[in-house]
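1. what follows is a predicted protein model with its sequence.
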Number of protein chains: 2
Amino acid sequence: MDHKELATMCKALGDPTRARIFGFLVNCCCPVAVGDEGEVRPVEGATAGEVCCHVTGSETITSTVSFHLKELRQAGLVTAERRGKSMVCAIDREALARLAAYFDDASKRSGCCCDDQQGEPK
Amino acid sequence: MDHKELATMCKALGDPTRARIFGFLVNCCCPVAVGDEGEVRPVEGATAGEVCCHVTGSETITSTVSFHLKELRQAGLVTAERRGKSMVCAIDREALARLAAYFDDASKRSGCCCDDQQGEPK
DNA sequence: AAGACATTTCGAGAAACATAGAAATGTATG
DNA sequence: CATACATTTCTATGTTTCTCGAAATGTCTT
């Protein structure tokens, strides 16, 4: 992952409301199905309205939450699929995995030679 | 880590220039020392000027890069310590570890019951 | 103390962002 | 087909953010 994609994803998560939406969707158990091309998509999950209710308390979805969901979608972090009247949202697990891998790698790399050079291998 | 801290860190990384600075510091080998209170701090590392040179090509540090380093510092992602005339910058490994743990956890959690329900327990 | 060097702070202007209400779109249901 | 429902798009507004140059701060050297 290059710094541009990192910035895009992080910008999306860099708003408290979006971070909450993201956290909610992460914890929202969500069965998936495998599509014709092998891609994974949510079968059930949180509707946009449910997300909104959880985040703002509002019964009906607000334009603000809709806007934030779009930002998360455009950053590739969240998927949305129409199901009847509602939109069903879910975390894009591939994108999340890439993000997790980046930070995991960085976490290991950031101390690459400290441990060796300082003689205190812990 | 709560959604507020996540948003703070991600907002800091949500700018391309800052993401580059972060990436540079991650890859910049940096010996650390353990201070009196057991805290880890950089002994050598990239000076603010070196960071700036790498990111902008400018010989002398710009106010813009100084601003971005401050943002990263305030988000807790980067440490800076004076060493003579220069500022020595380094990744805050604890913060990075927390971020890595959050996404790792999310990555596992986001499919918590998909796997169970879809009959593919891995 | 004076000068050079590395960096930060200040101030201003342009661009991007978050929010909210109103209108528009798409979809089921009677 | 008309109505209700879920969501998005549009428009306007106030706020924050990024950037740049100039001035200020802190630190070494002589």
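-> Received the coordinates, thanks.

2. C-alpha from now on. contacts and neighbour counts both.
-> Fine.

3. now the helices for chain A?
-> With helices called from DSSP state H, chain A shows them at A:3-13, A:16-27, A:48-56, A:63-74, A:93-109, A:114-118.

4. nearest to residue B:65, out of these?
-> helix A:3-13 (16.0 Å; CA to CA).

5. tilt between that closest one and helix B:16-27?
-> In terms of direction (axes from the mean of the first three to the mean of the last three CA atoms, to 10 degrees), helix A:3-13 departs from helix B:16-27 by 110 degrees.

6. what's the spacing between the residue nearest the centre of chain A and DNA strand D?
-> Geometric centre of chain A, nearest residue: residue A:77, 4.0 Å, by CA atoms, centre = their mean. As judged by CA to the nearest atom of the strand, to the nearest Å, residue A:77 and DNA strand D stand 14 Å apart.

7. that residue touches residue A:96, doesn't it?
-> Yes - counting by CA atoms under 8 Å, residue A:77 touches residue A:96, with 6.7 Å between them.

8. not counting residues beside it along the chain, what's closest to the residue in chain A that DNA strand D sits nearest to?
-> Closest residue of chain A to DNA strand D, CA to the nearest atom of the strand: residue A:49 (2.9 Å). Leaving aside its chain neighbours, residue A:49 sits nearest to residue A:61 (4.8 Å; criterion: CA to CA, 6 or more residues apart in numbering or on different chains).

9. and what of residue A:53?
-> residue A:59 (5.6 Å).

10. who's in contact with the one you found?
-> For residue A:59, the contact set (CA atoms under 8 Å, 6 or more residues apart in numbering or on different chains) comprises A:49, A:52-53.

11. ok, now residue A:65?
-> Under the criterion of CA under 8 Å, 6+ apart, the neighbours of residue A:65 are residue A:52.

12. residue of chain A nearest DNA strand C, please.
-> residue A:84 (3.1 Å).

13. report how many residues lie close to residue A:98.
-> 15 (other CA atoms under 10 Å in any protein chain shown).

14. ok, it touching residue A:1?
-> Yes - between residue A:98 and residue A:1 a contact is recorded at 7.4 Å, counting by CA under 8 Å.

15. list the contacts of the closest residue to residue A:13 other than its chain neighbours.
-> Leaving aside its chain neighbours, residue A:13 sits nearest to residue A:19 (5.1 Å; criterion: CA to CA, 6+ apart). Neighbouring residues of residue A:19 by CA under 8 Å, 6+ apart: A:13, B:3-4, B:6-7.

16. check residue A:96 too.
-> Residue A:96 is in contact with A:77, B:103, B:106-107, counting by CA under 8 Å, 6+ apart.

17. distance of it relative to residue A:19?
-> Remark: distance between residue A:96 and residue A:19 (CA to CA, to the nearest Å) = 13 Å.

18. and residue A:32, by the same measure?
-> Counting by CA to CA, the gap from residue A:32 to residue A:19 is 22 Å.

19. rewinding a little: could you pick out which of the contacts of residue A:59 are near DNA strand C?
-> Among the contacts of residue A:59, none lies close to DNA strand C by the criterion of CA under 7 Å from any atom of the strand.

20. brilliant, that's me finished.
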